[in-house]
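Participant: Next comes the sequence, and after it the predicted model I'd like to discuss.
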Amino acid sequence: MPSVTDVELAVWRAASGHAPLSASVGAIALGLGGCLPLRHMRILVFDPDARRVTPLAAYDDPAPESPVAALPDDAWERLLAWCRTARPVRGPATDLARRLPGLIPRGWRGEILMIGLVIDAAPLGAWVLGAPGRVGGSGPARKGSSPH
């Protein structure tokens, strides 16, 4: 199994090879699929003025264009506080959606890994990875499925 550094380098190489992130998200997902059980991936951006989370790029996402309505103050602050810790969280989609609203689409089921994206202590967004399983009634992951 590759080290975390190897995975980070592979992601960075894939992302830096394309100008818009949306052009490289498929390559990132396919690269990660070699070392992680991956079905769906979303990269989300935080909009602090509107207190909302918006998808920036997605791979095999059943709800790729679903921005979240403005979050209540307490939920927004909880989301920013988690992001600032720079600690990944992992767990069932339903549990994480309750803990950190706005990051996981309603159709996602199964195990989720979320990583906050922070630069200079400023929360920018989140990276959300979904493991294979049942998503909104669909079957198991298809190896090498195409990005949406």
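Facilitator: Sure, I can see it.
Participant: Would you mind measuring from residue 71 to residue 105?
Facilitator: Distance, residue 71 to residue 105, by C-beta to C-beta, to the nearest Å: 15 Å. For glycine as for every other residue, the C-beta is placed from the backbone atoms N, C-alpha and C.
Participant: any idea which helix or strand carries the residue lying closest to residue 104 once chain neighbours are set aside?
Facilitator: Sequence neighbours aside, residue 97 is the residue nearest to residue 104 in space, at 4.5 Å (criterion: C-beta to C-beta, 6 or more residues apart in numbering). Under the criterion of DSSP states H and E, residue 97 resides in helix 93-99.
Participant: Likewise for residue 108?
Facilitator: Per DSSP H and E: nothing holds residue 108, as it lies in no helix or strand.
Participant: Counting neighbours, what do you get for it?
Facilitator: Residue 108: 26 surrounding residues under other C-beta atoms under 10 Å.
Participant: Now it: phi and psi?
Facilitator: phi -80, psi 140 (degrees, to the nearest 10).
Participant: wouldn't it be in contact with residue 93 here?
Facilitator: Yes. Counting by C-beta atoms under 8 Å, residue 93 is a contact partner of residue 108 at 4.8 Å.
Participant: joint contacts of the two?
Facilitator: Listed as contacting both residue 108 and residue 93 by C-beta atoms under 8 Å, 6 or more residues apart in numbering are residue 130.
Participant: residues contacting residue 75?
Facilitator: 101-102.
Participant: at 6 Å instead, please
Facilitator: For residue 75, the contact set (C-beta atoms under 6 Å, 6 or more residues apart in numbering) comprises residue 101.
Participant: From residue 38, how far off is the closest residue to residue 47 other than its chain neighbours?
Facilitator: Residue nearest to residue 47 in three dimensions, not counting chain neighbours: residue 54, with 6.1 Å by C-beta to C-beta, 6+ apart. As judged by C-beta to C-beta, residue 54 and residue 38 stand 22 Å apart.
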